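Have a look at this prediction, sequence included:
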Amino acid sequence: MFPWLAAGHITPFLHLSNDLAGRGFTITFITPQKAIDRLGHLNRHPNLITFHPLTLPPVDGLPAGVETASEVPIELTHFLCVAMDRTRDQVEAVVRGTRAKLVVFDMAHWVPDITRPLGIRSVNYTVLGASAIAIVLVPARGLEKGKVLTEDELAVPPPGYPSSTVVLRRGYEAGLLGFLFMPYGEATTFWERISLGMKGCDALAMRTCEEIEGKLCGYLGEQYDKPVFLTGPVLPEPSEDRLEVDRWAKWLGRFEPGSVVFCAFGSQVFLERDQFQELVLGFELSGHPFLVALKPPFGASTTEEALPEGFEERVKGRGIVTGEWVEQVAILNHPSVGCFVNHCGFGSMWESLTSRCQIVMVPHLADQVLNTRLMAGELRVGLEVERGEKGWVSKEKVSEAIQCVMNSGNELGCSLRENHEKWRGVFSDPGFMSRYIDKFVQNVNELVKS
Ligand SMILES: C[C@@H]1O[C@H](OP(=O)(O)OP(=O)(O)OC[C@H]2O[C@@H](n3ccc(=O)[nH]c3=O)[C@H](O)[C@@H]2O)[C@H](O)[C@H](O)[C@H]1O
């Protein structure tokens, strides 16, 4: 297993590893020591899943000691990717040394160049939504080295794209795809890296399911002329609630069931200071108790110091804004929490879907916008906060969205709750996830034998 060096990628790769180890696979998990320190506790089969600490070489532009994407603003992750590209020899040595039969990777497009000469198989595992790939990273786009698509071209889905809802609007949203043409890693742009990895591997795998992204996955299979294996959401069974001993459990325990609004924006989102302050004022304005876990905004060393004047005093006892990494899944399972305001990163999307919370979404990156369209436009299980000019999120719109979903008399809020309950029933059906893993194991075994 060799995921991109970001929590939103390492986490699902680890959950998949747990599922496969539970079915007799022996796994070497290649990732930096800092990721092992933060996420290693997710390993449920330490006797079958062995971490191999990746040593990143120093790279100009990458602050010393940085090993994961959550330590740097997203603009610097290009240099982190360069560092990852320079670990190719280490990865090859692990593949040879462990006599692996299969390598599962995502951003290291050069893995097939290692596995093919060794006569072993590689699977490119996408842990973003299928829409994030299908909307732009497909041959139908006619992308080639040096070619850059304009915002207007990006706002039009590629030929054959199977959805008119899960799309990016013209202007600001289509512009979010601009990063695809930027340098990302050694001598590649982001889109080249993804396309090369998907063209070079033996099969595509997607962290999704037929029920919500079947058409998109079918489209990808046609476009790449490759088998597409679905793993389902690979979410862990809710473990014993780690919050019991945590201070958040005590704080949350003081509120009525389902009354607290929880907000987190994943491991890679950094807000501008003014937008950060406007957002937290929206929670204050909503009138509901809230627990907000957000990284410090640009230019601030701590989240607390960036809070608006007098804010902490005004909300004392009702609301907390912390810069700490919190146990998101445990908080979502806490009976006092009734609403999850999130960025719709794919991991958080799945965790919101399988929670009992009402869902409000404030996407930041292109794939998060697409995930939001799927959730709000197709599944109709959550509410997207309307953005103003240039993507500004006002405190009024944040407050309105929270009040809409939290007000039991609100018609839209009720229909979202009903739809969410229906889909939660599908995903929490005991056999749902294991059926996908069983099928994935069958696919992989056939691939390795082929
Ligand atoms: C896949 C891709 O990678 C990135 O992941 P990112 O970390 O931002 O967000 P998630 O996928 O929700 O992953 C974040 C993971 O961190 C967990 N968490 C987060 C904050 C916290 O305080 N405590 C926690 O336990 C959370 O429960 C989730 O499992 C980008 O978003 C991208 O848009 C997304 O689609």
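Now that the structure is in, tell me what you want to look at. Numbering: from 1, shown residues only.

Next up, the contacts around the closest residue in space to residue 215 that isn't next to it in sequence.
Among residues not flanking residue 215 along the chain, residue 162 sits closest, at 4.0 Å (C-beta to C-beta, 6 or more residues apart in numbering). C-beta coordinates here come from the backbone N, C-alpha and C atoms, glycine included. Neighbour list for residue 162: 134, 215-216, 218-219 [criterion: C-beta atoms under 8 Å, 6 or more residues apart in numbering].

Which of those ranks first by neighbour count?
Of all the contacts of residue 162, residue 134 has the most neighbours under the rule other C-beta atoms under 10 Å, reaching 27 neighbours.

close enough to count as contact, it and residue 222?
No - between residue 134 and residue 222 there is no contact under C-beta atoms under 8 Å: 10.2 Å.

picking up where we left off before, for the contacts of residue 162, give me JSON lines that also has pLDDT.
Shown next, in JSON lines, are the contacts of residue 162 (pLDDT from 0 to 100):
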{"residue": "134", "pLDDT": "97"}
{"residue": "215", "pLDDT": "97"}
{"residue": "216", "pLDDT": "98"}
{"residue": "218", "pLDDT": "98"}
{"residue": "219", "pLDDT": "98"}
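
Quick one: the residues you listed as CSV, columns for distance to residue 126 and secondary structure too.
CSV is the format used below for the contacts of residue 162 (distance: C-beta to C-beta, whole Å; DSSP: H, G, I helix; E, B strand; the rest coil):
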residue, distance to residue 126, secondary structure
134, 10, helix
215, 16, helix
216, 11, helix
218, 14, helix
219, 13, helix
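
could those residues be laid out in JSON lines, adding distance to residue 429?
JSON lines is the format used below for those (distance: C-beta to C-beta, whole Å):
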{"residue": "134", "distance to residue 429": "26"}
{"residue": "215", "distance to residue 429": "22"}
{"residue": "216", "distance to residue 429": "22"}
{"residue": "218", "distance to residue 429": "23"}
{"residue": "219", "distance to residue 429": "26"}
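
quick one: which of these is nearest to residue 198?
The closest of the contacts of residue 162 to residue 198 turns out to be residue 134 (C-beta to C-beta; 11.1 Å).

I'd like to know how far that closest one sits from residue 367.
Distance from residue 134 to residue 367, counting by C-beta to C-beta, to the nearest Å: 11 Å.

shaky segments in the stretch 201-350 of the chain?
In the predicted model, the stretch 201-350 of the chain carries pLDDT under 70 at residues 238-245.

Which residues of the chain lie near the ligand?
6-9, 11, 127-128, 264, 266-268, 293, 325-329, 345-348, 351, 365, 367-368 (C-beta under 6 Å from any ligand atom).

Buried residues of the helix or strand where residue 195 lies, list them for me.
Here residue 195, judged by DSSP states H and E, is contained in helix 190-200. Of the residues in helix 190-200, 190-198, 200 count as buried by neighbour count, 16 or more other C-beta atoms under 10 Å.

could I get these as CSV with pLDDT and distance to residue 339?
Listed next are these as CSV, based on pLDDT from 0 to 100; distance: C-beta to C-beta, whole Å:
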residue, pLDDT, distance to residue 339
190, 96, 33
191, 95, 36
192, 96, 40
193, 97, 37
194, 96, 34
195, 96, 38
196, 97, 41
197, 97, 37
198, 97, 37
200, 98, 43
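
okay, those in a markdown table with distance to residue 440 next?
Listed next are the buried residues of helix 190-200 as a markdown table, based on distance: C-beta to C-beta, whole Å:
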| residue | distance to residue 440 |
| --- | --- |
| 190 | 27 |
| 191 | 27 |
| 192 | 28 |
| 193 | 24 |
| 194 | 21 |
| 195 | 23 |
| 196 | 23 |
| 197 | 19 |
| 198 | 17 |
| 200 | 20 |
